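Just a sequence and a predicted model for now, questions to come.
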Amino acid sequence: MAVLEKPVAAPRARPREQSPFARIAGDFAQSPVAIAGLVVIVVIILLAVTASLIAPQNPYDLAQLDIMDGRLPPGSSSADGLTFWLGTDDQGRDMLSGILYGLRISLIVGAGSALVAGLVGTSLGLTAAYAGGRVEAAIMRLVDLQLSFPAILVALMILAALGKGVVNVMLALVIVEWASYARTARGAALAERAREYIEAAECLALPKWRVVFRHLLPNCLPPLIVIGTIQVARAIALEATLSFLGLGVPITEPSLGLLIANGYQYMLSGKYWISFYPGIALLVTIMAINLVGDQLRDVLNPRLQR
Amino acid sequence: MRFKGVAIGSLLMAAVPVAASNALAQNVTVAVGAAVGSIDPHYYTLTPNTSLDANVFERLVETDAQARPMPGLATSWKLVDDRTWELKLRDASFHDGTPFTAEDVAYTIARVPTVVNSPGSFAIYTRPITGVEIVDAHTIRLSTANVYPLLPTDLAQLFIIPHKLGANPTTEDFNSGKNAIGTGPYRFVSYKPGDRIELERNDGYWGTKPAWQHITYRMITNDAARTAAMLSGDVAMIDQVPTADIARLRADKGVSLWETVSLRIIYLALDQGRDGPTPFVTGPNGEILAKNPLKDLRVRQALSIAINRPAIVQRVMEGAAIPSAQFLPPGSFSYVPGLVPPPTDIAKAKALLAAAGFPNGLKITLHGSNDRYLNDAKIVQAIGQMWTRIGVQTAVETQPWSSYAGHATKLEYSVFLQGWSISSGEASNPLRALVATFDAAKGRGTVNRGRYSNPALDSLIDKAVSTADDGAREALLIQATRMAMDDVAIIPLHNQKNTWATRAGFTYVPRADEETRAYDLRPAN
């Protein structure tokens, strides 16, 4: 059994004692850009997790905001001595605190929706590939239908029906994203399905769920991990878009997208900082995730092995 | 160089760049911020539509920039008995040359209620008229069922069209231009929905000659694009100057700003219709309250005096509003002298809440739109801050108007932001629409979404609207307004200011009713 579960695709050229994880880590480390991306992601996650400890202000507590501190340029001080290093928005919200808390929402929404969509999409994709027949046809036509609509349109319609809120945004993103996982999982599973180890597992009369999730799934993971990282970045960008359009998170608990939207109308009057800094934070986050995702794709794709 | 730029510009764009000193100055482009939906002047009681119509058509009674009635197509009007008005009509002619007569007035009054598929009918202004009698070509008598002193005010909403159009003129024929024949200073040429309307000078206009040969009336609904068009000199004038850009435009020497206090009141409606729990107000820990706290005057007073209106005006509206404690801005007919916003008093607000039985405050979800009124989403957030300081934990929820309006009309909210444009310029309009007891049959309280109800106030309003003497009626309206405000039927926040920007070298007369009229745009000399 243990032998059967080993990835058959493991390259023979590698020394036998090296575990797959160590090999992947080693290959990954060959790109300094990807390492930098990973470091940035770790730093961003740390900042987001500790936001409530390190932020000078709780930007979600209306009692801590004062409208008289609104639209102050970076470096100004409030009436009670707090320094706004990145300025304030129109409600007197400290932009630095807003960005830290906003990162937290963006990451929770991005990672959470990518994870749930991944679970749902992968399960359906594997089921389709393994079951075949009508089940496959039904699931895959649903995927086609889903992918034929622009993601932003679907998400807008869902939010218009459900109303705003972090949970609703995540739900909308899951509904938008699951299809790409399903399609990828099915493609990978169809290739693996014909392999001998699956046949062997079936010959042992193992329950179907066990064949699918213990034998088929681990061997389909590499492309799914790659899709997963890309989808996290995509979900963060999509959440920012939805919030920018006024349909995402509540206005008193802004995410990065909403912070950018708040400052958008002040761009012509020279108050750049309200949109600029959250924009930079969003850009850096998405770029770091994409860099890591690109390198993962190279490392996990056997065809690109040197 | 400059000439070349202008020549290329005019080749590239249909709109010719404007400068007052330029030889091409006979052509002027005006950009408005809200799309004109129809040219039919009786299709929809919507300000963007009537604003355009006011360039082409005229009313019997016109209003000046401050919404006070003045002669329009009627030169004078008087009561001949209790219920009959006699109007003397002006010597004027329509764009096609036919003279304007009493027959056109009768025709218009008959046509208004027959407009097909009207989303907001002008029939509210013709309904009081029960009889029309043509005395001669330039005299007409209109009778009403009851004593109705507001008839001239209602007539100030009705555009006159020629009877030559025949039976059942269609809205489509107005949009195509076939029926778009008025007596106004500019003649309709063409209409591209969502883009522009072209107007030509009416050389036979009875009043002062219009200043421009040709007007391009563009619709630029994106705020930033409209400001950019003004800054680049593409257009001579824009309306609805975004408040965020006012400071920037004021500092620009090439631009002049023209502003006036508008007749639009922005206020909070409070659910007073439910006796039991109201959906979005709970105790401080989220516990359902057996009684609706908004029915308690002290709670309403606390919520009102917690709001720092000058701060909202200064910081959120950037000065483009005046703090208000009643319906109308100062200087209007039936403005209540001395009724100004209460000073913000956090200690007193807390004491009022404690006296009402809520020493630990309340929890409220405040609702608002985010794309309808100037800075609506920011206003509710700012109020959220202010209420949190008196111990009312406030969550703020905003939605696009399209879905928000539906919920508000279904009375699903507890405390919510509303705006109302008092087109008549006097208090009987908001008193009847916003705070009178809801009664669809009588047309009372039609926009009273908090369902405030006070029989004493209702009878005072009834008495006021059937009082013919202006002085006595104004005194009654003042008394009624004061009664509604003392009882905090609604929480008034501010009267918006309407702001237009023109290139330097133009003058404009800013209007309280938000209408953008090319006729009022003139070269400065």
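Arrived safely.

Packing partners of the longest helix along chain A?
What stands out as the longest helix in chain A, according to DSSP state H, is helix A:95-131. In terms of contacts (3 or more Cβ pairs under 8 Å, 6 or more residues apart in numbering or on different chains; DSSP states H and E), helix A:95-131 is packed against helix A:32-49, helix A:51-54, helix A:133-148, helix A:166-193, helix A:217-244, helix A:256-264, helix A:273-300. (Glycine included, C-beta is placed from N, CA and C.)

Any chance of CSV for the ones you listed, columns mean neighbour count?
What follows is the helices and strands packed on helix A:95-131, written out as CSV (neighbours: other Cβ atoms under 10 Å in any protein chain shown):
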stretch, mean neighbour count
helix A:32-49, 15
helix A:51-54, 12
helix A:133-148, 14
helix A:166-193, 22
helix A:217-244, 22
helix A:256-264, 25
helix A:273-300, 20
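
Nearest to residue A:110, out of those?
With Cβ to Cβ as the criterion, residue A:110 lies closest to helix A:217-244 of these, at 3.8 Å.

which residues does the residue nearest to the spatial centre of chain A contact?
What sits nearest the mean C-alpha location of chain A, by Cα atoms, centre = their mean, is residue A:232, with 1.3 Å. Residues counted as contacts of residue A:232 (Cβ atoms under 8 Å, 6 or more residues apart in numbering or on different chains) are A:110, A:111, A:114, A:289.

Using the record's assignment, carve chain B into domains.
Domains of chain B are assigned by automatic domain parsing as B:34-219, B:262-496.

how long is the first one end to end?
Terminal residues of domain B:34-219 lie 6 Å apart, using Cα to Cα, to the nearest Å.

What parts of chain B come near chain A?
Residues of chain B that fall close to chain A, judged by Cβ under 8 Å from any Cβ of the partner chain: B:223-224, B:227-228, B:242, B:244-245, B:247-248, B:308, B:311-312, B:315-316, B:370-371, B:377-378, B:381-382, B:384-385, B:388-389, B:394-400, B:403.

For those residues, I'd like a selection string for ChimeraX - just the buried members, please.
Selection of buried members from the residues of chain B next to chain A for ChimeraX, criterion 16 or more other Cβ atoms under 10 Å in any protein chain shown:
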select /B:223,227,228,242,244,245,248,308,311,312,315,316,370,377,378,381,382,384,385,388,389,394,395,396,397,398,399
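
residues contacting residue 33?
Just so you know, I chose chain A. Going by Cβ under 8 Å, 6+ apart, residue A:33 touches A:291, A:295.

I was after chain B.
B:219, B:220, B:221, B:223, B:226, B:238, B:239, B:240 are the contacts of residue B:33 under Cβ under 8 Å, 6+ apart.

The fourth one contacts residue B:238, correct?
No. The criterion here is Cβ atoms under 8 Å, and residue B:223 misses it with residue B:238 at 9.8 Å.

Please list only the buried members of the contacts of residue B:33.
B:219, B:220, B:223, B:226, B:238, B:239, B:240.

can I get those residues in CSV with distance to residue A:93, secondary structure and pLDDT?
Formatted as CSV, the buried ones among the contacts of residue B:33 follow (distance: Cβ to Cβ, whole Å; DSSP: H, G, I helix; E, B strand; the rest coil; pLDDT from 0 to 100):
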residue, distance to residue A:93, secondary structure, pLDDT
B:219, 34, strand, 94
B:220, 30, coil, 92
B:223, 22, helix, 84
B:226, 27, helix, 92
B:238, 30, strand, 96
B:239, 31, coil, 93
B:240, 26, coil, 91
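
any idea which of the residues you listed is closest to chain A?
Nearest to chain A out of those is residue B:223 (Cβ to the nearest Cβ; 6.4 Å).

Which ones among the residues of chain B next to chain A lie within strands?
Of the residues of chain B next to chain A, the ones assigned to strands by DSSP state E are B:394, B:395, B:396, B:397, B:398, B:399.

Could you export those to TSV, including columns for distance to residue A:298 and pLDDT?
Shown next, in TSV, are these (distance: Cβ to Cβ, whole Å; pLDDT from 0 to 100):
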residue	distance to residue A:298	pLDDT
B:394	51	95
B:395	47	94
B:396	46	94
B:397	45	92
B:398	45	90
B:399	45	85
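
and the residue positioned nearest the centre of chain B, backbone torsions?
With distances taken as Cα atoms, centre = their mean, the residue of chain B nearest its centroid is residue B:421 (3.4 Å). With angles defined as degrees, to the nearest 10, residue B:421 sits at phi -90, psi 120.

quick one: contacts for it?
Contacts of residue B:421 (Cβ under 8 Å, 6+ apart): B:47, B:262, B:263, B:264, B:513, B:514.

Which one (most neighbours) among these?
Most neighbours among those, by other Cβ atoms under 10 Å in any protein chain shown: residue B:263, with 28 neighbours.

where's residue A:73, which helix or strand?
Using DSSP states H and E, residue A:73 maps to neither a helix nor a strand.

How confident was the prediction at it?
Reading off the confidence values, residue A:73 has pLDDT 92.

surely it meets residue A:273?
Yes. At 6.5 Å, residue A:73 and residue A:273 qualify as touching, with contact defined as Cβ under 8 Å.

Now do the shared contacts for the two.
Contacts common to residue A:73 and residue A:273, judged by Cβ under 8 Å, 6+ apart, are residue A:87.

give me the element residue B:500 is part of.
strand B:490-503.

Can you list the strands that that strand pairs with?
Paired neighbours of strand B:490-503 in the sheet (DSSP bridges): strand B:237-238 (antiparallel), strand B:255-270 (antiparallel), strand B:321-323 (antiparallel).

Name the next helix or strand following that strand along the chain.
Next element after strand B:490-503 (DSSP H and E): strand B:506-507.

and that following strand, what other elements does it pack with?
strand B:255-270, strand B:522-523.

In the longest one, which residues are buried?
Along strand B:255-270, the positions that meet the burial threshold by neighbour count (16+ other Cβ under 10 Å) are B:255-258, B:260-270.

Would you mind putting the CA coordinates of the strand holding residue B:500 into CSV?
Output of strand B:490-503 as CSV, limited to C-alpha atoms (Å, rounded to 0.1, in the frame of the first residue of the first chain):
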residue,chain,number,x,y,z
ILE,B,490,-37.5,63.5,11.0
ILE,B,491,-33.9,64.5,11.7
PRO,B,492,-33.0,67.2,9.1
LEU,B,493,-29.2,67.3,8.3
HIS,B,494,-28.5,69.9,5.7
ASN,B,495,-29.7,71.7,2.6
GLN,B,496,-27.4,70.9,-0.3
LYS,B,497,-25.8,73.6,-2.4
ASN,B,498,-26.1,73.4,-6.1
THR,B,499,-22.8,74.2,-7.8
TRP,B,500,-22.0,75.0,-11.4
ALA,B,501,-18.6,75.7,-12.9
THR,B,502,-18.0,77.8,-16.0
ARG,B,503,-14.9,78.8,-17.8
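
Could I get the average pLDDT for that strand?
96.

Same check on stretch A:265-272?
On average, stretch A:265-272 scores 83.
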